[in-house]
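In: turn this into a model:
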Amino acid sequence: MSTKARILDVAADLVARSPDGDVSTRAVCEAAGVGAPALYRHFGDKEGLLSAVVDRGWERYLARKRERLPGTDPVQDLRDGWDSHTEFALANPNLYRLMNSPAMRTPPAAALESHRILTDDLRRAAAQGKLRLAPELAAQMIMSANVGVCLMAVSRPGTFTDRTVSRRVRDAVHAVVFTPDVTAPGTPADHAPAPDGGQDTAPAVPATATRLGALLRQSPPEDFTPGESALLAEWLDRLSNG
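Out: Numbering: from 1, shown residues only. Sure thing, here's the model as predicted:
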């Protein structure tokens, strides 16, 4: 094992076992059996070392997602993705806090890849008519809620003791993001019958616009100029998110 790899292994282990998730470069050097110059030569400074730990954490997190083959039901894939995200956070609390720390000024490329995977699943749902918001907005809502729940769970475990909270929040967010016919069982939806006994069609407009936008992005109309396609996409997104 190279000196760089040994230092990184030791740092990751110390982060995981630290009471508060923090480590000193001195402790890392002592545990790795190297001098400070070796650490600084490979990682620059403490922030560079922790950034490397974060990068490796994201790679671990993404390993399962990269191996996963998309299922026929993107909604179920998204539910499973939320749950696996939460499981990773609970299994690696210190690492997870570090991965989502504002002190990490440059988001790792793997974090952006994670967001793209989520958005791609939402685009598949939109193409099937199961999404009533633009995929990009839905991805921001889902990621914000999932990360928020996980950070609270790992930062205040004495308060957030109910393990069902994550799925309750997941289902509440999904009830807003997906069309009512695919909402998880037991989750309230706002797609209520109209007062005259008919079906309220208002929610169908955003869902239809979202699906049309997803389909047009998959197969752009050849007769449209780039400007026309961009304008149509803007209109559809506005209807989707209205």
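In: tell me which element the spatially most central residue of the chain falls in.
Out: For the chain, the residue nearest the mean C-alpha position is M143 (4.1 Å; Cα atoms, centre = their mean). If you go by DSSP states H and E, M143 is part of helix 135-155.
In: and the next element down the chain from that helix?
Out: Next in line after helix 135-155, if elements are assigned by DSSP H and E, sits helix 165-177.
In: what residues does the following helix or strand past that following helix touch?
Out: Sequence-wise, the next helix or strand downstream of helix 165-177 (DSSP H and E) is helix 204-218. With Cβ atoms under 8 Å, 6 or more residues apart in numbering as the contact definition, helix 204-218 has outside contacts at 123, 126-135, 179, 229, 232-233, 236-237, 239-242. The C-beta positions use only the backbone N, C-alpha and C, and glycine is treated the same way.
In: ok, now with 6 Å
Out: 123, 126-127, 129, 131-132, 179, 236, 239-240 (Cβ atoms under 6 Å, 6 or more residues apart in numbering).
In: got it, and stretch 20-35?
Out: Contacts of stretch 20-35 (Cβ under 6 Å, 6+ apart): 6-7, 10-11, 14-15, 36, 39, 46, 94, 97.
In: what subset of the residues you listed is buried?
Out: Among the contacts of stretch 20-35, those classed as buried by 16 or more other Cβ atoms under 10 Å are 7, 10-11, 14-15, 39, 46, 94, 97.
In: widest-spaced pair of these?
Out: Spatially, the most separated pair among the buried ones among the contacts of stretch 20-35 is L39 and R97, at 22.2 Å (Cβ to Cβ).
In: on that earlier part again, and of the buried ones among the contacts of stretch 20-35, the nearest to E113?
Out: The closest of the buried ones among the contacts of stretch 20-35 to E113 turns out to be R97 (Cβ to Cβ; 20.3 Å).
In: just to confirm, which helix or strand has that closest one in it?
Out: Here R97 sits within helix 93-99, counting by DSSP H and E.
In: can you name the element that comes right after that helix?
Out: Per DSSP H and E, the first helix or strand lying C-terminal to helix 93-99 is helix 109-127.
In: report the buried residues of the lowest-mean-pLDDT helix or strand in the chain.
Out: When each helix and strand of the chain is scored by mean pLDDT, DSSP states H and E, helix 204-218 comes last, with a mean of 75. By 16+ other Cβ under 10 Å, the buried positions in helix 204-218 come out as 206-214.
In: angle of it against helix 165-177?
Out: 90 degrees (axes from the mean of the first three to the mean of the last three Cα atoms, to 10 degrees).
In: so the helix or strand just after helix 204-218 versus helix 109-127, what angle?
Out: Next helix or strand after helix 204-218 toward the C-terminus (DSSP H and E): helix 226-241. Calculated by the same axes, to 10 degrees, helix 226-241 forms an angle of 80 degrees with helix 109-127.
In: off-centre distance for helix 226-241?
Out: With Cα atoms, centre = their mean, to the nearest Å as the basis, helix 226-241 stands 25 Å off its chain's centre.
In: what does stretch 161-181 give?
Out: For stretch 161-181, the distance to the chain centre is 15 Å (Cα atoms, centre = their mean).
In: same question for that stretch: list its buried residues.
Out: For stretch 161-181, the buried set under the neighbour-count rule, 16+ other Cβ under 10 Å, comprises 166, 169-171, 173-179.
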